[in-house]
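Engineer: how would this look folded up:
(2 chains)
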Amino acid sequence: MQVFFQTIIGGVSLGAIYALVALGFSLVYRTMGLVNFAHGNVVTVGAYLASTFYLTAKLPFAVAMVVAIVVTAAIGLVIERVLRPLENRDFDLMLIGTIGFGIVLDALVIMIWGATGRAVPSPVQTAPLSLFGLRIRTYDLVVLAIAAVATVLLVLFLSRTKRGAAMQAVAMDHEAATAVGIHVGRSNAIAFMIGAGLAALAGGLVGPLLYVNPALGGTLGIKGFAAAILGGFGSIPGAIVGGLAIGILDSFTAGHFQGYSELVTFLVFTVIIMIRPTGVFGERTVNRA
Amino acid sequence: MRYRIAALAVIAVAAWLLPYGLDSYAIHVVNIILIFSILAVGLGLCMGIGGQVNLAQVAFFGVGAYATAILTTKAGWGFWVSAVLAVAATVVMGLLVGTPALRVQSHYLGIVTLGLALAFTNWVTNAQIAGGAEGISAIPVPTIPGVDLSSEYLYYYLELIIFAVTLAFGLFIVRTALGRRMRAMRDDALAAGSLGAEVPVLRMTAFLLASIYGGIAGVLYAGLIRYVAPESFSIANMFLLLAMVIIGGRQSLVGCVAGAVVLYLVRELLVDYPTAAQIGYGSVVVLVVVFAPTGLAGLPPRIRQALRRRRGGAGEAARLGEFRPYEAVEAAAGDEPILVADAISMHFRGLKALDDVSLSVDPGEIRGIVGPNGSGKTTLFNVISGLYRPTRGRVRFRGRDATGLAPYRLARAGMSRTFQNLRLFGDLTVEENVLVALDRHATWQSWRYVGRPISVLRRDRDLHRRAGEVLDRYGLREFAALPPKSLPYGIQRRVEIARAMAAAPALLLLDEPAAGLNGEEVRQLSEIVRSIRDSGVTVIVIEHNMGLVMSLCERITVLASGKVIAEGLPAEVAQNPAVIEAYLGDSMSSDDLPTLPEVAR
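Structural biologist: Presented below is the predicted three-dimensional model:
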């Protein structure tokens, strides 16, 4: 039992990271129906930027994160602007376009930071807490808190601000949204920007948990995507639940299957998608004839 | 045609002589390019022709290569036996990876296949039998009596022949019935299904083809390099392969090959600057999808078009011909209704789109279904044609229970339909649209492509002849080679009816066939529908144009809020108080008002 709970706790902090990645995917998807395959690479860029400002420029961890978020948000804007001619026209092409951006970002990361990775020391130096005989790292709690705050802010933005409401409108019907004077392109750009910012947040936070290397974002991206689908693509609570579920699944498979954990995770994920393609919170979309 | 054969001969001779001009390193590069070309053709068939996003092609490649390596080194079997088994193993893998395509599409499929590809790399880097991260070396040289395949020059000829055969086979599929059906499914799976294309089988066929090509490429790779390791089958290579297909032009197999050749050569040139090369091809992918979605393969037609435009308007615009009526058939005495809907209810969550709707249509009838917008007419069609499974109730078609049968099964049983918002296959020509409907062969019979290619060709020629007849009858001959999207709306409507009739149905469902047509076109439409009925086909038509409905239909069923509120002869229905209330009472301002004046003529 002890081991069981310890495994869950081990999975939760990474799960929160997956949830942040999934939120980015979901936000872009619900706004423009597009899956941003470059999202994982944006996570890598965010992780490297945050670690560079933290380690090399010696900025405080929080400031380093903010800088990383701003820079990656700008990258998100660029991606959206370049692919804008395809918006609402051909999603398969847009999907491939984002893969193209992913290829470019991947190469840029290697060009700037090299192919080797780096370890980021934890910014929180206190000893792990002990609760009912379970060890909880303080940094894990920090990650959870930040992820929770980010989610709450995102939900508030979407439900309480005019800009957020406009984005919801675009998500429902982009033509009707245009007709009532919403700038669809700008709304999509903001979605992309926030999505990229969330990716950087995830990347920055994961630095002290994992080893920062060029392949980091690929794994996080795919697992985050799996999390988004698992929860129900486009749904915000779904992203959170899916993220935590994948994190915990990951932690169990790592314990039981060692090197094969990735294989098992993806097989389980595939089976779940086959059984319930719309995920836990997903809406069943009716294909209209 | 003669030019083509000459060009082909020149290419063949050049390919045959190529090794004489190359040093040993260059021939190695050429050999790898050929392998990538085969992979790209396989991916093009799956993604470009079948429309199935497949990011596991590199895993198929890996399964082929690893299976060969394991069977030759660990089991000690001969190379060719292992090769056959390896391709078989890849096919099994391909069908497994393709299964999710039955449930999910587009980006979902992308992530699932990508995940499975990662699972494969994860397995080979860990499994003892696959040699872990070091891989497997010392794969024996494949042997052919009298030919020393350890020489890369001779290996080139082996690859060249296999490449030529696989490319020709791919082109053969694309240009004939199977490929046409796959392209139709890519453009619009729903419409393809309601014309009798077995969508699930076709999706699996796409993955089957991709895996065969992947497996063959893998075997050749194992025989050429004689060493396999996980990094050859990484996601980076998957994206490189994807870039080849996109840059080359995914809808053209020759384009895929061109993409593979160009991209690999560029990568080879920049071998000392791999990251620069990666930035380069990544950017080109982005530029291609934005500015030239058809890739390299799309350039020649574009140039030709531009030239023609500069030369000025030669030839005149195609014109719509007269409809030539069907020969009237003496109506078989209707003993039994052709379609019975029995107490159908269809609920979407809380919304009751249909509530206890019953309907019975006799053979040889033209039945009108009218009702205000949102009254459930199209939902009823969707239930009848199998797109929705009703929450309650049964549908009987030609005396058999047809509730919730897949659309393609209903289509094969003799039901055909058109769609409210036109669902023509956008990237097929008008003729091909008709051909898809004409083709009634089951997809599983596609084994003939391997076993009896001549019979496939003969059948295709026959289909073309019959398509010509259909186009002539509907006056569409001059539009045969044009994409439907380039045609005026009224003509597109007519193409859709021609396509639905090409499937030789017993029951034709028309969903608002007069929407967007002008007065003259409506008159022609009513003539066409009458002639269709006279040829022995039962017609059910949903229509808002009351003039047309009143003059055309023998019986009318009126729906309102998902319920049948009246049924009977046109004149009776028009005077029914419930009908008048439904139209005038709650949708006064809508355009559903019966516009009787249009009856004139």
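
Engineer: doesn't residue A:254 belong to a helix?
Structural biologist: Yes. Checked against DSSP: H, G, I helix; E, B strand; the rest coil, residue A:254 lies within a helix.

Engineer: that one touches residue A:261, doesn't it?
Structural biologist: Yes. Using CB atoms under 8 Å, residue A:254 is in contact with residue A:261, at 4.4 Å. Backbone N, C-alpha and C define where each C-beta goes, glycine included.

Engineer: and the strands in the chain?
Structural biologist: No chain specified, so I'll use chain A. The residue ranges that make up the strands of chain A, judged by DSSP state E, are A:129-131, A:134-136.

Engineer: the intended chain is chain B.
Structural biologist: With DSSP E applied, chain B shows strands at B:339-348, B:351-361, B:366-370, B:392-397, B:400-401, B:415-417, B:507-511, B:538-542, B:555-560, B:563-568, listed in chain order.

Engineer: tabulate those in a markdown table, adding columns for distance to residue A:2 and mean neighbour count.
Structural biologist: Listed next are the strands of chain B as a markdown table, based on distance: least, CB to CB, whole Å; neighbours: other CB atoms under 10 Å in any protein chain shown:
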| stretch | distance to residue A:2 | mean neighbour count |
| --- | --- | --- |
| strand B:339-348 | 48 | 19 |
| strand B:351-361 | 50 | 19 |
| strand B:366-370 | 67 | 25 |
| strand B:392-397 | 52 | 18 |
| strand B:400-401 | 58 | 10 |
| strand B:415-417 | 62 | 27 |
| strand B:507-511 | 63 | 25 |
| strand B:538-542 | 66 | 24 |
| strand B:555-560 | 64 | 24 |
| strand B:563-568 | 62 | 18 |
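
Engineer: those: which one's closest to chain A?
Structural biologist: Nearest to chain A among the strands of chain B is strand B:339-348 (6.3 Å), distances taken as CB to the nearest CB.

Engineer: residues from the stretch 151-289 of chain A in reach of chain B?
Structural biologist: The interface of the stretch 151-289 of chain A toward chain B, taken as CB under 8 Å from any CB of the partner chain, is made up of A:218, A:222, A:225-226, A:229, A:233, A:258-260, A:262-263, A:266-267, A:269-270, A:273-274, A:277, A:286-287, A:289.

Engineer: how about low-confidence regions in chain A?
Structural biologist: Segments of chain A classed as low confidence (criterion: pLDDT under 70) are A:279-280, A:282-289.

Engineer: buried residues, the helix ranked longest in it. List them.
Structural biologist: If you go by DSSP state H, chain A has its longest helix at helix A:2-32. Applying a neighbour-count criterion of 16 or more other CB atoms under 10 Å in any protein chain shown, the buried positions in helix A:2-32 are A:6-32.

Engineer: what's the answer for stretch B:515-522, then?
Structural biologist: In stretch B:515-522, counting by 16+ other CB under 10 Å, buried: B:517, B:521-522.

Engineer: from those, which ones fall inside helices?
Structural biologist: With helices identified by DSSP H, the entries of these that belong to them are B:521-522.

Engineer: now, which of the buried residues of stretch B:515-522 sits nearest chain A?
Structural biologist: residue B:517 (19.7 Å).

Engineer: quick one, what contacts residue 139?
Structural biologist: Assuming you mean chain A. A:13, A:122-124, A:208-209 (CB atoms under 8 Å, 6 or more residues apart in numbering or on different chains).

Engineer: try again with chain B
Structural biologist: Residue B:139 sits in contact with B:68-69, B:72-73, B:222-223, B:226-228, where contact means CB under 8 Å, 6+ apart.

Engineer: give me the phi and psi for the residue nearest to it when sequence neighbours are not counted.
Structural biologist: Excluding the flanking residues, the one nearest residue B:139 by CB to CB, 6 or more residues apart in numbering or on different chains is residue B:226, at 4.2 Å. Reported as degrees, to the nearest 10, the phi and psi values for residue B:226 are phi 60, psi 30.

Engineer: I figured residue B:226 hits residue B:135, correct?
Structural biologist: No. With contacts defined as CB under 8 Å, residue B:226 does not count as touching residue B:135, sitting 11.0 Å away.

Engineer: from residue A:38, how far out is the closest residue in space to residue B:242 that isn't next to it in sequence?
Structural biologist: In space, not counting the residues next to it along the chain, residue B:242 is nearest to residue A:99; the distance is 6.4 Å by CB to CB, 6+ apart. Distance, residue A:99 to residue A:38, using CB to CB, to the nearest Å: 7 Å.
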